[in-house]
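1. Pasting the sequence and the predicted coordinates here, then a few questions.
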Amino acid sequence: MPVIVACPTDGSPGSGLGPAPIVGRVEPILSLDLTTLHRRTSMKWRRYPEDVLPLWVAEMDTPLAPAVREELLRVVTEGDTGYPEGNAYAEAFAVFAAEEWGWTFDPARQAVLSPDVMQGIAMLLAQAVRPGERVVINSPVYAPFWAVVRNAGAELVDVPLTEEGRLDLDAHEAAYAQGVAVHLLSSPHNPTGVVHTREELTRLAELARRHDVLLLADEIHSPLVGPGERFVPLLDVPGGEHAISLVSASKAWNLAGLKGALIIAGPEQLEQLRALSYESTRGAASHVALRAHTAALTGARDWLVQLRTELQANRELLDRLLADHLPAVRHRLSRGTYLAWLDCRELGLANPARHFLDEARVALNDGAAFGPRTAGFARINLATSPAIITEAVTRMGRSVSGPR
Ligand SMILES: Cc1ncc(COP(=O)(O)O)c(C=O)c1O
């Protein structure tokens, strides 16, 4: 539940006209200050020296949602730190998916646990791809996709997104026609934040079916989509029954330190699930993580709605700040993740992320990590306070306009 703070409407207690009327004000989620955040020891806050504002790796500067915090306190109090039992996470995700997106699946038949999303992808690739077979990805894309495909011994086929950031369906048709075993899709797309439409996913699923391509959709960011845009689960479109998706509460509730994920197979892919061994799935997910993830899905839905609203405000803030401080940098407002993809090509910098780190003390992700043609781009993480975003973009602007 959002935290409601009582406050006077006019902000001026004691105006002499009797008690000020009290209304509810919601405490922002994205409001932690630097002193508090510097106490964190996770990657985001420890990779760089303290004078650097870290707006890179996909961690959020949020406190835990109250329902998650309370569940973890119960776990600790009870000493409930053994192995997992039951299917509560999949059942909770099924309820969430039905209520959020109108998508229903059978958690008992269609879902298995995975230690995390990337390990789930690695397990599925190991099973579905023979050495030398071709796997499609779409650059610019989440850097570990490149490694996980190469580690599977597959030949990597890049079908880049269009200049507008959309899936290039004609190019997919041409690539699939050459023979492709698996297409690893990021949905919503990291780093651009683009949310694939029902039409795009339907056409993709139809092409995959025709050319016998297994579609694997990494939907880890899906609960974050909105407001104003609708996430479409791949398994919910016609042809999606032949696909497999991977989901988790980890991005939307900031639970990367409590690893857990679900592999959900379309009804025509249940054989792939059965083939995943017991040891590589059920036994490997952490019981404590599963309790936290399940509590997020069942008890922290209002928190998520509030978070999405604040993220949208941060995207709009970024747009305004760029217009004021870095007008040469282009940013397409996207609603699928808390990440934004900055086109810095007009700045003429060889490596914009390196420049902003050295000259502005702001850490972004280097665009070159996401694909071969995006060295002029950088990824920024907006899951922090408006004050930190404002300071970061102001510094970045100064670094390109001031004396070098
Ligand atoms: C698209 C995508 N997939 C997977 C991951 C990592 O997920 P996990 O920690 O569950 O492996 C991330 C993390 O940012 C991501 O953005």
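-> Everything's here; your move. Numbers count the residues shown, from 1 in each chain.

2. so who does residue 308 touch?
-> Contact analysis of residue 308 by C-beta atoms under 8 Å, 6 or more residues apart in numbering lists 224-227. The way it works is simple: take the backbone N, C-alpha and C, and place the C-beta from them, glycine included.

3. Show me which of those has the smallest pLDDT value.
-> Within the contacts of residue 308, the minimum per-residue pLDDT falls on residue 226 (86).

4. now the contacts of residue 308 as a markdown table including neighbour count and distance to the ligand?
-> Written out in a markdown table, the entries for the contacts of residue 308 read as follows (neighbours: other C-beta atoms under 10 Å; distance: C-beta to the nearest ligand atom, whole Å):
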| residue | neighbour count | distance to the ligand |
| --- | --- | --- |
| 224 | 24 | 11 |
| 225 | 24 | 13 |
| 226 | 18 | 18 |
| 227 | 11 | 21 |
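
5. In JSON lines, list those along with secondary structure and distance to residue 238.
-> Rendered in JSON lines, the data for the contacts of residue 308 read as follows (DSSP: H, G, I helix; E, B strand; the rest coil; distance: C-beta to C-beta, whole Å):
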{"residue": "224", "secondary structure": "helix", "distance to residue 238": "25"}
{"residue": "225", "secondary structure": "coil", "distance to residue 238": "21"}
{"residue": "226", "secondary structure": "coil", "distance to residue 238": "24"}
{"residue": "227", "secondary structure": "coil", "distance to residue 238": "27"}
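
6. tell me the two of these that are most distant?
-> Taking C-beta to C-beta as the measure, the contacts of residue 308 reach their widest spread between 224 and 227, a distance of 10.8 Å.

7. Residue 253 and residue 304 touch, don't they?
-> Yes. If you go by C-beta atoms under 8 Å, residue 253 and residue 304 touch, sitting 7.2 Å apart.

8. Overlap in contacts, the two.
-> Residues within reach of residue 253 and of residue 304 at once, by C-beta under 8 Å, 6+ apart, are 65, 296.

9. and those two? which has more neighbours close in?
-> Counted by other C-beta atoms under 10 Å, residue 253 and residue 304 do not tie: residue 253 has more neighbours, with 26 against 21.

10. got the domain boundaries for this protein?
-> Using automatic domain parsing, the domains assigned to the chain come out as 4-8+29-64+302-401, 68-299.

11. tell me which of the contacts of residue 308 is nearest to residue 138?
-> Distance from residue 138 was checked for each of these by C-beta to C-beta. The minimum falls on residue 225, at 17.9 Å.

12. how close does the closest one sit to residue 334?
-> With distances taken as C-beta to C-beta, to the nearest Å, residue 225 is found 10 Å from residue 334.

13. what do you get for residue 41?
-> Residue 41 is 31 Å from residue 334, by C-beta to C-beta.

14. what does residue 174 give?
-> Using C-beta to C-beta, residue 174 is found at 26 Å from residue 334.

15. okay, these two: which has more neighbours?
-> residue 334 (20 against 11).

16. Tell me who's in contact with that one.
-> With C-beta under 8 Å, 6+ apart, residue 334 has these contacts: 165, 188, 192-195, 315, 340-341.

17. does it belong to a helix or a strand, and which?
-> Element membership of residue 334, judged by DSSP states H and E, is empty: it is in no helix or strand.

18. mind listing what's buried in stretch 63-70?
-> Judged by neighbour count using 16 or more other C-beta atoms under 10 Å, the buried positions of stretch 63-70 are 63-68.

19. Check those residues one by one and keep those near the ligand.
-> The overlap between these and the neighbourhood of the ligand (criterion: C-beta under 6 Å from any ligand atom) is empty.

20. Format these as JSON lines; extra columns: secondary structure.
-> Output for these, formatted as JSON lines (DSSP: H, G, I helix; E, B strand; the rest coil):
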{"residue": "63", "secondary structure": "coil"}
{"residue": "64", "secondary structure": "coil"}
{"residue": "65", "secondary structure": "coil"}
{"residue": "66", "secondary structure": "helix"}
{"residue": "67", "secondary structure": "helix"}
{"residue": "68", "secondary structure": "helix"}
